[in-house]
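S.K.: using only what follows, build the 3D model:
(chains A, B and C)
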Amino acid sequence: MKPLLACLLLFLTWLPSLSIAEEDVRAGALLEALDVRSFADKGEAISELAISEDPRTRYWLNALLDGSLQRTHEGRFVVVLNNRGRSWPVEDALTQEDLGEISRRELNRISINNSLRNQIRSLIAVADLYSEDLSLRRASAERLVGEVDEALAEFLAEHIEQETDRRVQQRLSLALAIYQLEQGELDAVAELHGSLNTDARIALSRAAAQEENPLLAQEAQAALSAIEQRLKMNRTAETLYFGLSMGSVLVLAAIGLAITFGVMGVINMAHGELIMLGAYTTWAMQQLLPGQPGLALLLSIPAGFMVSGLVGIAMERGVIQFLKGRPLETLLATFGISLMLQQLVRTVISPQNRTVVTPEWMSGSLVVNDALSLTLNRLYIMAFALLVFMALIYILRRTRLGLEVRAVTQNRAMARSMGIKATRVDMMTFGLGSGVAGLAGVALSQLTNVGPNLGQAYIIDSFMVVVFGGVGNLWGTLVAGMSLGIINQVIEPWAGAVVAKILVLVFIILFIQKRPRGLFPQKGRAAGD
Amino acid sequence: MWLTQPLYERSTRIFLGVLLLAMILVTLLHLAVPADHPLYVSAYTVNLFGKYLSYALLAVAVDLVWGYLGILSLGHGAFFALGGYVMGMYLMRQIGDRGVYGHPELPDFMVFLNWDALPWYWLGSDSFLFTALMVMLVPGVLAFAFGYLAFRSRVTGVYLSIMTQALTFALMLAFYRNEMGFGGSDGMTNFRDILGFDLRTDETRLALFLISGVALAVGYVICRALVNSKLGRVCIASRDAEARTRFLGYRVERVQLSVFVVSAMLAGVAGALYVPQVGIINPSEFAPLFSIEIVLWVALGGRATLYGAVIGALLVNYAKTYFTGVMPDAWLFALGGLFVLVTVFLPKGIAGLLKQRKQAKEKEEEVPA
Amino acid sequence: MKLLKEMANRDRVFEFLVPQQSPVDVRHGPILYLEDVSVSFDGFQAINKLNLTIDDGELRCIIGPNGAGKTTMMDIITGKTRPDAGSVWFGSRHNLLEKSEPEIASLGIGRKFQKPTVFEALTVFQNLELARATNKSLLPTLLEQMNGDIRAQIEEVLELIGLKELHRQEAGILSHGQKQWLEIGMLLMQRPRLLLVDEPVAGMTEQEMERTAELLTGLAGKQSVVVVEHDMGFVRSIARQVTVLHQGSVLAEGSMDEVSNNPKVIEVYLGEEA
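M.R.: From the prediction side, this is the model:
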């Protein structure tokens, strides 16, 4: 059967050009060798294929790996391009010529098992080590760690010298060292000392556990404990990072409230819904600018500020100004507004969550080392939160509006008699606080789903942050938000997310009993009344 | 005796009279009128009214602390839910081996979690007397612990409101956890008997409705006696000028604490009446939204009147039943709008309107004289 | 029940329930004694090493420009503000710094605020009822019933402060002067050993002022009275002993004439003339 098919194949591929045809004969034989029953034979055939210097090697290996390398009943090797439906579009595995659609019943897959799959992966990686593309080389070196066998080790030992990129070199040495350690070489321990790589750690702990070579076990143990130490530090750093990241979200959510509640004394229960509106603004922006999520996100910053700010001003003018000096009533009225805003979004847009796309420059992560990588979106949000915070401090301390706000807060009657339009200041302050809530929403859209209930999830947390930090103190809000974020992340690993949240709430409830005015209380006679 | 004193007062008599009349009327219309008659009150409706009455008791409890003490509790739903959970535990135990898994002692959800014994805090839950005691004690102890800390350090006003909200929110999160041993997010349901009476029969429903009415009446009289006493006047004094009250020699924090605890206990009783009538208790009763809704009932009816709280609770809940049946989407708009309208245009609630009208009438009568 | 009822009417029956009204030991000197008291808010030194002694039965006027620390001093005595340093003694037995506001009030120190604070939602009668000296702990307050004796006490004071006609009205509708009087009436109901009166005549007519002066001087002797006042005419009309506060400490002390001739006082009040 097979020679016959080979002839057929030869015949078929002979047509375009003779020199190619000659090559294709060899290639066809290589592929032919893959179609055997025994996986061991298949493995050898794969190795043969890999060392053939055919430029299509990688293409075939990849096809073999994802199961798209198949054979027609006529014996022709094809690559399936799309395996949906009954007939699949295919191309010729040798010429890459489009063959139209073929019924799936006409096709047989060249099957592989898991160990072959690993083998192929390493082979592809090796193939990639020759690539001109640096990122491809780095990725392939990464893949080889923990996958080295004897043949590969020999190859690597030579190849490392040729490699020009330091990172690729390091990875390859690591891969090699792990192999050498597994072979019982003592020198390899030194190479692995302090490495945070998981495979290196597994190899070391295996070496430490074996009993044939006590010296090696001892050395490996020493290296392991050094690694443990470093890992611990990295974990602490990671907790800190997550804590700060969560903290900056809390600060963003709470800082607007710190202005409306702290400076104006207005309890805005609809603050969460203003955050939600900011998040929906981002979503709407992305709908308006399809295909440009980054630009849409950047534009959402001013847009979210405007939308939430204007809604806030409308609330202030429409309701809150009539409830001046009645904080509990304000609380209830704004709560009513929050219900209406939620329902409005449900009715007008949808009760379902909406996804906001993360632009490319915000996705991915910053790899510090093997054990620590910082997700970029959180990093951006941290920076954004700090920026917003600084801007607010600047506005309140250095601008005319800030001066007027402080004047009205401290002595309304006096401020008015000096020509400050107190009602205008109220409006602007509330607008500012609400606008900042919108900004928080824009940021949050990058972390969570955007839905009508988004705001509810943050309102209690935001109040906790403001109260914990001390009302009327923006720095207090910053410190409180960050520390609550960190506390939460520290508790979470051993208590679980829900219990951590409960504990934090209980902690604040108890804390407020001890210090009713928060971390940084306002002092003085005025504060007492 | 001071507790019976309100019975000699006109407004209390009117309130009790109207309540009694309504209870008799509902009973008659349910029992004596044929089912196809337009005036017939179905068992479903009786059940609904029973639910409203337990809400009304809850509203009275909230009015006691908000109206008279000036403490806006956004966490009274927690006390209500705790009372409900205690009752739910009793009802769960009454199911016995008739559950899905047929375990003689453990409720289904515990069998499902592979627990092999009742946790210690379920001890005694099969006794009705013990349950009746706990229905008041559990919310009372929580209110005492929370209030003791809060009032001692003079956490008042908005801060206290936010803290009570955090309290109920934390409890909600806790009760959502299966490990708590209260059925997790599903809570407890599929109840069968109470004191040997089948909960699903019309007679039991009617009885529960009547008991709720009596509980409301008793709770109302207790609260009325409290606010009519000199202590009630101290409450009002501390609401309006806390520092001044202290300088008169009253220990304001003790007054606040004791009234807060009484109110929490009443809320617990309301919860315990509510659960057998709706047939389920789950963590959503702890939701901050529910607690704020209660405050709205009181605000709409008129705070610091007690009867206003009852009117508010009945009106809002009737409206809720109506709206969620006819146009569910509109309900949150209506509720939200109500919050705004009441606080801006009707700060004294319906009771305030009634008083105003009465005063206006009196003035009119004075003019010709 | 009967026992409870009697406890509510306990004035004479149960002696142990009557708050100890006069445990104040004044045998060894003054009734009120402040030594080296200092307090600061946010770096502002409101009270600076203040020393003040009030004798039993004395009527003392305290004057001083704005910000001299008069109200803060009252806050410290009544327990509202805790000083950073110093000691405050009521008689020779009670260290006021260890006590809460209600404790201090039940020891027998009454206070009238600068801004008249009455319970606006309660009637004039009820305001006085709440102020009445009696056991103010929880249960007796809950169970107390109005009786002829209490009514008589309240009516006596109503007469004195001239609000008898208005006793059924809510205190919120009173005029500024009437509120001042009501608050003085509440002080009288408290039967304190020491009265702290902050600006009692602000907003009063000439005639009302005269009556206030009469009332306060009438109280002195039986009770000790400390009056803080801006109105020099009023101070002159009642004062025997005057203390001048300036920047949180005592600038001068003596009779009105001595004080008003004191060059330091003149400088403080009139500027750099001296």
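
S.K.: residue in the stretch 51-200 of chain A nearest to chain C?
M.R.: A:Leu196 (50.0 Å; C-beta to the nearest C-beta). C-beta: built from backbone N, CA, C; applies to glycine.

S.K.: A:Ile227 is in contact with that residue, correct?
M.R.: Yes. The criterion here is C-beta atoms under 8 Å, and A:Leu196 meets it with A:Ile227 at 6.7 Å.

S.K.: which of the two has more neighbours?
M.R.: A:Ile227 (21 against 15; other C-beta atoms under 10 Å in any protein chain shown).

S.K.: helix/strand/coil for that one?
M.R.: In three-state terms, and counting by DSSP: H, G, I helix; E, B strand; the rest coil, A:Ile227 is helix.

S.K.: for the nearest residue to it once chain neighbours are set aside, what are its contacts?
M.R.: Distances taken as C-beta to C-beta, 6 or more residues apart in numbering or on different chains put A:Arg201 closest to A:Ile227, at 6.0 Å, once the chain neighbours are dropped. Contacts for A:Arg201 (C-beta atoms under 8 Å, 6 or more residues apart in numbering or on different chains) come out as A:195, A:224, A:227.

S.K.: the last one touches A:Leu204, doesn't it?
M.R.: Just to be clear, that refers to A:Ile227. Yes. Counting by C-beta under 8 Å, A:Ile227 does reach A:Leu204; the two are 7.1 Å apart.

S.K.: and the contacts of stretch B:340-352?
M.R.: Identification of contacts with stretch B:340-352 by C-beta under 8 Å, 6+ apart yields A:319, A:322-323, A:326, A:329-330, A:332-333, A:336-337, A:340, B:296, B:298-303, B:305, B:307-308, B:311-312, B:315, B:353, B:355-356.

S.K.: got the CA positions of it in PDB?
M.R.: Extracted in PDB, the C-alpha atoms of stretch B:340-352 (Å, rounded to 0.1, in the frame of the first residue of the first chain):
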ATOM      1  CA  VAL B 340     -36.700  61.500  47.500                       C
ATOM      2  CA  LEU B 341     -40.200  62.800  47.600                       C
ATOM      3  CA  VAL B 342     -40.700  61.900  51.300                       C
ATOM      4  CA  THR B 343     -37.500  63.400  52.500                       C
ATOM      5  CA  VAL B 344     -37.800  66.600  50.400                       C
ATOM      6  CA  PHE B 345     -41.600  67.300  50.500                       C
ATOM      7  CA  LEU B 346     -42.900  65.200  53.400                       C
ATOM      8  CA  PRO B 347     -40.400  65.400  56.200                       C
ATOM      9  CA  LYS B 348     -43.000  64.600  58.800                       C
ATOM     10  CA  GLY B 349     -44.600  61.900  56.800                       C
ATOM     11  CA  ILE B 350     -48.300  61.100  56.500                       C
ATOM     12  CA  ALA B 351     -48.800  61.400  60.300                       C
ATOM     13  CA  GLY B 352     -47.400  64.900  60.000                       C
END
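
S.K.: that one - what's its average pLDDT?
M.R.: For stretch B:340-352, mean pLDDT is 90.

S.K.: so for it, what gets flagged as buried?
M.R.: B:340, B:342-344, B:348-352 (16 or more other C-beta atoms under 10 Å in any protein chain shown).

S.K.: then stretch A:389-398?
M.R.: Applying 16+ other C-beta under 10 Å to stretch A:389-398 flags A:389, A:392, A:395-396 as buried.

S.K.: coming back round to it: tell me who's in contact with the residue of the stretch 51-200 of chain A closest to chain C.
M.R.: A:227, A:230-231, A:234, A:369-372 are the contacts of A:Leu196 under C-beta under 8 Å, 6+ apart.

S.K.: which SSE is A:Ala188 in?
M.R.: Secondary structure from DSSP states H and E places A:Ala188 in helix A:187-192.

S.K.: got the buried residues for that helix?
M.R.: Buried, per 16+ other C-beta under 10 Å, within helix A:187-192: A:188-189, A:191-192.

S.K.: following the chain onward from it, which element is next?
M.R.: Going down the chain from helix A:187-192, the next helix or strand is helix A:198-209, by DSSP H and E.

S.K.: and that next one, how far from the chain's centre?
M.R.: 29 Å (C-alpha atoms, centre = their mean, to the nearest Å).

S.K.: where does residue 109 land on pLDDT?
M.R.: Reading this off chain A. For A:Arg109, the predicted pLDDT is 83.

S.K.: look at chain B instead
M.R.: Reported pLDDT for B:Phe109: 90.

S.K.: lovely, talk soon.
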